[in-house]
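Student: Would you be able to build a 3D model of this:
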Amino acid sequence: GFLVDGKPDAASKLFREGLKVYPLAKKSNPPKMEFLDGSKVAFNTVHANTFEFYKELDHVIQKEPIDLFDPELRGLAAGIGIRKGRSFAPDDRMTKILTDAVGIGNATARSIAFHNRDPRSPLYPNSQWRSGFVGSDYRWIDLDGVSGRNKDARTNFFYMATVNTPAMAAKLMGKGSQYALITADATGNAFDGAKTYRLNVPSNPPAKDFWSVVLYDPQTRSELQTSQPFPSRNSKRDKLVANADGSVDLYFGPKAPAGKDSNWIETVPGKGWFSLLRLYGPLEPWFDKTWRPGEIEEVR
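Tutor: Take a look at the predicted model:
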């Protein structure tokens, strides 16, 4: 669903009047749909980074139809004692091994996501802006035709996101969306929630619909929780103050710089953050890289 005139009303109406989900057994008399507004509700969607992760995995395998998982995935789970219809009960030795493994796996995924060393990751030379689709394929199949699936590229995406589609990686002029990820300032240092930073968005952003910048928490990979309900600014919803050349300066910090409230996103001292730039209805200057966002610089 997309904003129309900066509001979610049209998308909300589309879902409320057009979406129906119900058990197939009730297809002749579907129950009435109930929709809840979760915009300002805090809830946890992050998988455990402890031994509890395996219990979550076991729960899914026990609950879902076996054909949901291909033999490759079922074999990986079975190798550590998780099988449909059987109890997951590792002994002390196996519990210790699995506990170490989930910690190492989480640390590895974090390193790949926040300090990616693949030379194809940067969107521009000498830039901190990076692609979520390293290799430019939504399946993370290397385009050389021989290397197969790039597992690190896939981890890079799924440690911070949930769903991928072909449209996210395809060049669709004026349709869909494109994304740019940034986890460090212009000097290569991770963002510090106690400091103030500035991002220059040059004039004429190549977005037919609108563009947005959203801040996220590196721990949860969910939106940063601050006194602002939505830690973001976008060109449709917000009355951004532009510079004389048409560009827009956005500010990130625990307090808004004097006179910059409309262009400010709050951060939290003692906590890091990272950001995504989104272009909805991307245009050619994005794809040919004749337009590029500025680097995020610390304000001193």
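Student: how is the chain carved up into domains?
Tutor: As recorded under automatic domain parsing, the domains making up the chain are 52-111, 171-298.
Student: most packed of the ones you listed?
Tutor: domain 171-298 (a mean of 17; mean count of other CB atoms under 10 Å). Using the backbone N, CA and C atoms, a C-beta is placed for each residue, glycine as well.
Student: among the domains of the chain, which is nearest R154?
Tutor: Distance to R154, taken as CB to CB, is lowest for domain 52-111 among those, at 10.4 Å.
Student: quick check: mean pLDDT across that closest one?
Tutor: The average of the pLDDT scores along domain 52-111 is 96.
Student: circling back to that earlier point, okay, the domains of the chain in JSON lines with distance to R117 next?
Tutor: Below are these laid out as JSON lines (distance: least, CB to CB, whole Å):
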{"stretch": "domain 52-111", "distance to R117": "9"}
{"stretch": "domain 171-298", "distance to R117": "12"}
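Student: Which stretch among those approaches P122 most closely?
Tutor: Nearest of those to P122, taken as CB to CB: domain 171-298 at 10.3 Å.
Student: Quick one: the strands in the stretch 151-300 of the chain, in order.
Tutor: 177-182, 197-201, 207-216, 232-234, 248-253, 264-266, 274-282, 297-298 (DSSP state E, counting those that start in this stretch).
Student: one step back: S136: which of the domains of the chain is closest?
Tutor: Among the domains of the chain, if distance is taken as CB to CB, the winner is domain 171-298, at 9.4 Å.
Student: Can you give me the first-to-last residue distance of that closest one?
Tutor: End-to-end distance for domain 171-298, by CA to CA, to the nearest Å: 33 Å.
Student: please begin residue numbering at 682 from this point
Tutor: Okay, residue one is now 682; in that scheme the one you just asked about reads as domain 852-979.
Student: Quick check: A939 vs T877, distance?
Tutor: Remark: distance between A939 and T877 (CB to CB, to the nearest Å) = 11 Å.
Student: on that earlier part again, any idea which of the domains of the chain gets closest to E698?
Tutor: Judged by CB to CB, the one of these that comes nearest to E698 is domain 852-979, at 22.1 Å.
Student: ok, back up a step: reformat the strands of the stretch 832-981 of the chain as JSON lines; add mean pLDDT and distance to L738.
Tutor: Converted to JSON lines, the strands of the stretch 832-981 of the chain look like this (pLDDT from 0 to 100; distance: least, CB to CB, whole Å):
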{"stretch": "strand 858-863", "mean pLDDT": "95", "distance to L738": "27"}
{"stretch": "strand 878-882", "mean pLDDT": "98", "distance to L738": "38"}
{"stretch": "strand 888-897", "mean pLDDT": "96", "distance to L738": "25"}
{"stretch": "strand 913-915", "mean pLDDT": "96", "distance to L738": "32"}
{"stretch": "strand 929-934", "mean pLDDT": "98", "distance to L738": "36"}
{"stretch": "strand 945-947", "mean pLDDT": "98", "distance to L738": "35"}
{"stretch": "strand 955-963", "mean pLDDT": "96", "distance to L738": "27"}
{"stretch": "strand 978-979", "mean pLDDT": "98", "distance to L738": "41"}
